[in-house]
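**Student:** Need coordinates for the following:
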Amino acid sequence: MSKAIQRVTVYAASSQALSPDYINAARRLGKTLGEAKLAIMYGGGGHGLMGAVADSALAAGGEVHGVIPEFLTRVEAGHAGLTSLEVVDNMRTRKARMLEASDAVIALPGGCGTFEELFEAMTLKRLGQFLGPIILINTGGYYDLLLEFLKHSVDERFMNRTHLNMWQSVSEPEQILSALGTAPAWSAGAIAEAAVTGSSR
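**Tutor:** Below is the predicted model:
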């Protein structure tokens, strides 16, 4: 694994009504990252996949830093045992803080909030503003349809074929360290290929 990767942003669901398979995968991811001494930046929640990954990383001796918007603290308490918990004004600031200090993005299964965060990271990478690996934890094939749709977007020329290298996926959380280390290099010069030109496929 690249020594340059020291802190990762983890996007994950807060739902408490999930299959145990998803919870188990989140716990395994947290344990893997904690044992590897990779610091985690995440949304600060104590429930669902968020709580599972944080609890396991902390139990494995890792650092976990949370960022939560103030309005959410009125309906759900942030995780009480984190290395640090930052309360910010709004969701936009939360997303920026989670990403700006990280070397890579990992997306566990999630809903529209996770999708929004993931697509923002992909967009910034396409524009050369975020250069780190983006890895999807594809538990039980959860992301299969999304990955197929992204390829369809490339096939239909909404993105260039090189953009397929912006993300990778793994089926098991224990594969994350290898995936981070073998992700294709990305350059700030990627902005030159952000636009799709020509009509050939």
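
**Student:** next one: phi and psi at residue 169?
**Tutor:** Per-residue torsions, residue 169: phi -140, psi 150 (degrees, to the nearest 10).

**Student:** from here on, count from 448
**Tutor:** Renumbered: residue one is now 448, and that last one reads residue 616.

**Student:** contacting residues for it?
**Tutor:** Neighbouring residues of residue 616 by CB atoms under 8 Å, 6 or more residues apart in numbering: 582, 583, 584, 585, 590, 594. Yep, even glycine has a C-beta here, placed from its N, CA and C like the rest.

**Student:** all strands for this protein, in order.
**Tutor:** Applying DSSP state E to the chain gives strands spanning 454-458, 486-489, 511-516, 531-535, 551-554, 581-584, 615-617.

**Student:** Can I get those in TSV including distance to residue 503?
**Tutor:** Formatted as TSV, these follow (distance: least, CB to CB, whole Å):
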stretch	distance to residue 503
strand 454-458	11
strand 486-489	10
strand 511-516	10
strand 531-535	17
strand 551-554	14
strand 581-584	13
strand 615-617	17
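
**Student:** how about those strands, which one is nearest residue 607?
**Tutor:** Among the strands of the chain, strand 581-584 comes nearest to residue 607, with 16.3 Å by CB to CB.

**Student:** what helices or strands is the closest one leaning on?
**Tutor:** strand 551-554, helix 559-573, strand 615-617, helix 623-629 (3 or more CB pairs under 8 Å, 6 or more residues apart in numbering; DSSP states H and E).

**Student:** The same query, at a cut-off of 10 Å, please.
**Tutor:** Packed against strand 581-584, as judged by 3 or more CB pairs under 10 Å, 6 or more residues apart in numbering; DSSP states H and E, are the following elements: strand 454-458, helix 467-482, strand 551-554, helix 559-573, strand 615-617, helix 623-629.

**Student:** Pipe the strands of the chain into a markdown table and attach mean pLDDT per row.
**Tutor:** Listed next are those as a markdown table, based on pLDDT from 0 to 100:
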| stretch | mean pLDDT |
| --- | --- |
| strand 454-458 | 98 |
| strand 486-489 | 97 |
| strand 511-516 | 94 |
| strand 531-535 | 93 |
| strand 551-554 | 98 |
| strand 581-584 | 98 |
| strand 615-617 | 98 |
